[in-house]
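Visitor: Let's see this in three dimensions:
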Amino acid sequence: MTLPYVTFLLVLALAFANGTNDVSKAIATLVGSGLTNYRTAIVWGTIWTMAGAGVAALVAGAMVTTFSNGLLQAGTIISPTIALAILSGAMAWVFFASRTGLPVSTTHALTGAIVGTGLMAFAGEGLLWPDIGKKIALPLLLSPFLALGVSLILHPAVRLSAARWEGACLCVMPASCALVSINSHGNTRTLFQNKSFGQPVMAVPSQCDRAGLQGLVLGLDTIHWISSGLASFARGTNDAPKIVAMLLLGSPAATWPSPLSQVIAFGGVALAMGLGSYFGGFRVTEVLAEKVTRMDHAEGLTANLTTSTLVLCSGWLGLPVSTTHVSSSAIIGIGLLKGLSAVRWTTVRDMALAWVVTLPAAAGFAALSYLLLTRIL
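Guide: Below is the predicted model:
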């Protein structure tokens, strides 16, 4: 098997590892708030993650450029061994973290692997240290604090809206053209009047029930599902281009040989992320859903809105943030609103330690991989 095929297989393996760890970030709130079970939530997150990873081929060109050539000096020769070492180092750490239930950042792992391999391969002289600091380290450092702040600011408005939201029921009137409400005193009031039979009627569920109508109910739980899907979609668009970029490592213009090769790359990564999410996403989801803080619908909705907004905006701008850091910090912020005792600080401590260790651990795995591969290849 030639080295390009081995590289592609390792890219798929890294995408699979990413799925096992990162699907939890957008669906943990569904389980933590008691809305659904683990399996259903994981299926939901898997579907939206794959959709986001597929769309990333169209909207995440800046992210591909950043990770394929934005961290290396022009003219730096990237051998296949270097690419294989980077992929192996990042994949090894993410797999290890997933098996132990620790939510870690694939972005951090890739950055650490690039630095570790660069130090071994050319003593760090081929790395653009200012760009690594500005494009990678700074966004990754600021994103947890930004997510924490946004969740603290956003949640009161979400809580107030949730308290006033009765939900909506979309019904088709079966036998008349009007919807009439009757209060406890027997007074009637026409809520809706349609000009023709069979037009949809929108009302709050209690009104639909009193009128004997049944239909699709849009309540806070529905909005929570949608926000979770959007956060999973954002995660897919944020993570897929970083992984795919490893196929173009060192390419001066980060261009694809053909449109078909781009489709195959993103399609393969999307599928691998989906498989990893479905078959390996339970352990980390359990940690975020049950072992950080208890959540209700409004709190889970706030966390997902914070995650999806920040991750989508950063991905569009080509600024790599960690979905792990953003989502976890948003959930911690929700817990802080209920008091310090509402947060399980031992879990937060373990998560923070994993965040700190990820860069040197991935760098170490990648450096060791490079030493082994130079002896084999």
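Visitor: and the spatially most central residue of the chain, what helix or strand is that in?
Guide: Central residue of the chain (CA atoms, centre = their mean): Arg235, 2.7 Å from the mean position. Using DSSP states H and E, Arg235 sits in helix 220-244.
Visitor: returning to that earlier point: what's the pLDDT at the residue nearest to the centre of the chain?
Guide: Note on Arg235: pLDDT of 86.
Visitor: Longest helix in this structure, by number of residues?
Guide: helix 345-376 (DSSP state H).
Visitor: and Thr237, how far is that from Met50?
Guide: Noted for Thr237: a distance of 11 Å to Met50, by CB to CB, to the nearest Å. All C-beta spots, glycine's among them, are computed from the backbone N, C-alpha and C.
Visitor: Equivalent analysis for Asp221, please.
Guide: Counting by CB to CB, the gap from Asp221 to Met50 is 23 Å.
Visitor: Those two: who's more crowded?
Guide: Between Asp221 and Met50, counted using other CB atoms under 10 Å, Met50 has the larger neighbour count: 25 against 18.
Visitor: Which parts of this protein are strands?
Guide: 168-172, 178-182, 188-193, 200-203, 215-218 (DSSP state E).
Visitor: so who does Ile331 touch?
Guide: Contact analysis of Ile331 by CB atoms under 8 Å, 6 or more residues apart in numbering lists 28-29, 32, 151, 288, 292-293, 295, 303.
Visitor: of all those residues, which comes closest to Gly116?
Guide: Checking these against Gly116 with CB to CB, the nearest one is Leu288 at 27.7 Å.
Visitor: In contact with the residue nearest to that closest one when sequence neighbours are not counted, which residues?
Guide: The spatially closest residue to Leu288, leaving aside those adjacent along the chain, is Ala28, at 3.6 Å (CB to CB, 6 or more residues apart in numbering). Counting by CB under 8 Å, 6+ apart, Ala28 touches 41, 285, 288-289, 327, 331.
Visitor: how close does Ala28 get to Asp209?
Guide: Ala28 is 33 Å from Asp209, by CB to CB.
Visitor: Same question for Trp44.
Guide: 28 Å.
Visitor: What count of nearby residues applies to the residue found closest to Thr36 once you drop the neighbours it is linked to in the chain?
Guide: Excluding its sequence neighbours, the residue lying closest to Thr36 (CB to CB, 6+ apart) is Leu30, at 5.1 Å. Leu30: 29 surrounding residues under other CB under 10 Å.
Visitor: Quick check, Leu30 in contact with Ser227.
Guide: No - look at Leu30 against Ser227 with CB atoms under 8 Å: they stay out of range, at 9.5 Å.
Visitor: Spit out the residues that contact the two alike.
Guide: In contact with both Leu30 and Ser227: Gly300, using CB under 8 Å, 6+ apart.
Visitor: Pro360 contacts Ala113, doesn't it?
Guide: No - applying CB under 8 Å, one finds Pro360 not in contact with Ala113, separated by 10.9 Å.
Visitor: So for those two, which residue has more residues nearby?
Guide: Ala113 (31 against 13).
Visitor: Enumerate every residue touching the more buried one.
Guide: Residues near Ala113 by CB under 8 Å, 6+ apart: 85-90, 93, 362-363, 365-366.
Visitor: let's see 10 Å
Guide: Neighbouring residues of Ala113 by CB atoms under 10 Å, 6 or more residues apart in numbering: 14, 85-93, 246, 359, 361-367, 369-370.
Visitor: Sort out which of the residues you listed are buried, if you could.
Guide: 14, 85-93, 246, 359, 361-367, 369-370 (16 or more other CB atoms under 10 Å).
Visitor: could you point out where the stretch 51-200 of the chain is predicted with low confidence?
Guide: The stretch 51-200 of the chain contains residues with pLDDT under 70 at 59-62, 66, 68-77, 124, 135, 166, 170-200.
Visitor: now the helices for it?
Guide: Using DSSP state H, counting those that start in this stretch, the helices assigned to the stretch 51-200 of the chain run over residues 61-68, 80-99, 106-122, 129-131, 138-164.
Visitor: can I get the ones you listed in a markdown table with distance to Ile376?
Guide: Listed next are the helices of the stretch 51-200 of the chain as a markdown table, based on distance: least, CB to CB, whole Å:
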| stretch | distance to Ile376 |
| --- | --- |
| helix 61-68 | 25 |
| helix 80-99 | 9 |
| helix 106-122 | 15 |
| helix 129-131 | 30 |
| helix 138-164 | 32 |
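Visitor: what's the most buried one of those?
Guide: With neighbours taken as mean count of other CB atoms under 10 Å, the helices of the stretch 51-200 of the chain reach their highest mean count in helix 106-122, at a mean of 26.
Visitor: how about that helix as PDB, C-alpha atoms only?
Guide: Extracted in PDB, the C-alpha atoms of helix 106-122 (Å, rounded to 0.1, in the frame of the first residue of the first chain):
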ATOM      1  CA  THR A 106      -8.900  17.700  18.400                       C
ATOM      2  CA  THR A 107      -7.700  21.200  17.400                       C
ATOM      3  CA  HIS A 108      -5.400  21.200  20.400                       C
ATOM      4  CA  ALA A 109      -4.200  17.600  19.500                       C
ATOM      5  CA  LEU A 110      -3.500  18.500  15.900                       C
ATOM      6  CA  THR A 111      -1.600  21.700  16.900                       C
ATOM      7  CA  GLY A 112       0.500  19.800  19.500                       C
ATOM      8  CA  ALA A 113       1.200  17.100  16.900                       C
ATOM      9  CA  ILE A 114       2.300  19.600  14.300                       C
ATOM     10  CA  VAL A 115       4.600  21.300  16.900                       C
ATOM     11  CA  GLY A 116       6.000  18.000  18.200                       C
ATOM     12  CA  THR A 117       6.800  16.700  14.800                       C
ATOM     13  CA  GLY A 118       8.200  20.000  13.600                       C
ATOM     14  CA  LEU A 119      10.600  20.000  16.600                       C
ATOM     15  CA  MET A 120      11.800  16.500  15.700                       C
ATOM     16  CA  ALA A 121      12.000  16.900  11.900                       C
ATOM     17  CA  PHE A 122      13.600  20.300  11.600                       C
END
